[in-house]
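Q: starting from these lines, generate the structure:
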Amino acid sequence: MKIDLNLFVVFDAIYCEGNITKAASVLNLSQPAVSHSLGKLRNHFDDPLFIRQGNEMRPTPVAKNVIDDVREALHQLQVCLVQSRQFEPLTSRKSFSLSLHGSLEPYYLPILQESLSLESPAIHLNSNKRVNRSELENKLASGDIDLAIDALIPVSNNIRHTQLQSDKLVVVARKQHPALSTTLDLETYLTLDHVLVSSRSTGPGLEDFELSRMGHHRRISLRCQQALSACKVILNNDMLLTLPKTAAMMYSEMLDIAIHPMPVELPEIGIHLYWHVNVDKEPANKWLRNKMIIAASNSVKR
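A: Residues are numbered from 1 along each chain as shown. This is a model prediction of the structure:
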């Protein structure tokens, strides 16, 4: 039975976006055209494929069973189209989309961009696509992002990752903090108010999770998304901020803040680079991954 392969492009877009209107926007098609394509797919599979729940289109078990094969087939077709062209960084005008946590951007991007400016001046980087961890796998699978950098998180076998660096948590406070004239102890740490940096609106930070396992709890008085904003907040009060050491050292060069060791031993944080198995051997993605690994290594040395 013949079927238009473009229908599977629509299928992948609906699966990734969870919404026909959003899928139409991504594909630059009209909503009726996407709905018409979905109708053809439903007839072909003899299954609804997606069921509306509120504003979302949730995949059926049949859709979940075929999505990996569909994406692999679409990827192989794409590889066939570009296989004859070898990636040349010096002349390539390719755009890459990265997902980096806000606190990681100032750490990795300057050295990465410095290298790219010399070796591949026409390549464009976009690091404005910070995605939720729950969406990471879908975004990598669809190609919406090429690479992601984040802490170690559970992923399926379809996602490849490698550790870029290992970091540890430290405590940041304003200089001449009245309660920190000596070594910061656990009692003082738990008594003072804290700022928590998190991209999520709710839920504990890594340090809170580990503290709770020890039977300790601290008081979060402010929750914000950007580490730089948090550092500026604590300049004018006695609040504490817990950050990875590399980020704390970077901000201490710009602001009048002091760095203190954590009063308890916490696990180190592994920062990982993530990509989808479909692009594991793709020359351009492999080249950028190597550049990211080198950038991470050079950041540690500086």
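
Q: only C-alpha atoms from now on, for both contacts and neighbour counts.
A: Noted.

Q: and the pLDDT at residue 93?
A: With respect to pLDDT, residue 93 scores 88.

Q: flag every buried residue along stretch 66-75.
A: Within stretch 66-75, the residues that qualify as buried are 67, 70, 71, 74, 75, counting by 16 or more other C-alpha atoms under 10 Å.

Q: also stretch 252-261?
A: 252, 257, 258, 259, 260, 261.

Q: residue 51 against residue 63, yeah?
A: No. Between residue 51 and residue 63 there is no contact under C-alpha atoms under 8 Å: 10.4 Å.

Q: compare the two (neighbour count), which wins?
A: Per other C-alpha atoms under 10 Å, whichever of residue 51 and residue 63 has more neighbours is residue 63, with 19 against 12.

Q: on that earlier part again, need the overlap of contacts for residue 51 and residue 63.
A: When contacts are counted by C-alpha atoms under 8 Å, 6 or more residues apart in numbering, the set common to residue 51 and residue 63 is empty.

Q: now do the helices in this protein.
A: Per DSSP state H, the chain carries helices over the ranges 6-17, 20-27, 31-45, 61-82, 105-119, 136-142, 186-191, 206-213, 227-233, 245-252, 283-301.

Q: what is the fifth one packed up against?
A: Contacts of helix 105-119 with other secondary structure elements, assessed using 3 or more C-alpha pairs under 8 Å, 6 or more residues apart in numbering; DSSP states H and E, are made with helix 283-301.

Q: picking up where we left off before, now the buried residues of stretch 252-261 in CSV, with pLDDT and distance to residue 188?
A: Below are the buried residues of stretch 252-261 laid out as CSV (pLDDT from 0 to 100; distance: C-alpha to C-alpha, whole Å):
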residue, pLDDT, distance to residue 188
252, 93, 22
257, 94, 18
258, 94, 16
259, 95, 15
260, 95, 12
261, 95, 13
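
Q: if we take the residues you listed, which one ends up nearest to residue 135?
A: Nearest to residue 135 out of the buried residues of stretch 252-261 is residue 252 (C-alpha to C-alpha; 32.9 Å).

Q: how about stretch 22-34 as CSV, C-alpha atoms only?
A: C-alpha atoms of stretch 22-34 as CSV (Å, rounded to 0.1, in the frame of the first residue of the first chain):
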residue,chain,number,x,y,z
LYS,A,22,1.7,24.1,17.0
ALA,A,23,2.6,21.3,14.6
ALA,A,24,1.1,23.4,11.7
SER,A,25,3.2,26.4,12.7
VAL,A,26,6.4,24.3,12.9
LEU,A,27,5.8,22.8,9.5
ASN,A,28,4.7,26.1,8.0
LEU,A,29,1.4,24.5,7.0
SER,A,30,-2.3,25.4,7.6
GLN,A,31,-4.1,23.7,10.4
PRO,A,32,-6.6,22.1,8.0
ALA,A,33,-3.7,20.7,6.0
VAL,A,34,-2.3,19.1,9.1
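
Q: OK, contacts around the residue nearest to residue 262 when sequence neighbours are not counted?
A: Take residue 262 and drop its neighbours on the chain: the residue closest to it by C-alpha to C-alpha, 6 or more residues apart in numbering is residue 170, 5.1 Å away. With contact set as C-alpha under 8 Å, 6+ apart, residue 170 has these partners: 242, 243, 244, 245, 248, 259, 260, 261, 262.

Q: next step: the residues you listed restricted to strands.
A: Of the contacts of residue 170, the ones assigned to strands by DSSP state E are 242, 243, 244, 259, 260, 261.

Q: what number of residues lie near the second one?
A: Burial of residue 243 is recorded as 24 neighbouring residues (other C-alpha under 10 Å).

Q: gap between it and residue 75?
A: In this view, residue 243 and residue 75 are 39 Å apart by C-alpha to C-alpha, to the nearest Å.

Q: below-threshold pLDDT in the protein: ranges please.
A: Along the chain, segments meeting pLDDT under 70 span 1, 82-85, 102, 129, 299-302.

Q: hmm, back to that, pick the one among the buried residues of stretch 66-75 closest to residue 28.
A: When these are compared for distance to residue 28 (C-alpha to C-alpha), residue 74 wins out at 18.0 Å.

Q: right, and the closest one touches residue 10 too?
A: No. Contact criterion C-alpha under 8 Å: residue 74 and residue 10 do not qualify, at 11.1 Å.

Q: so how far is residue 78 from residue 161?
A: From residue 161 across to residue 78, the span is 23 Å (C-alpha to C-alpha).
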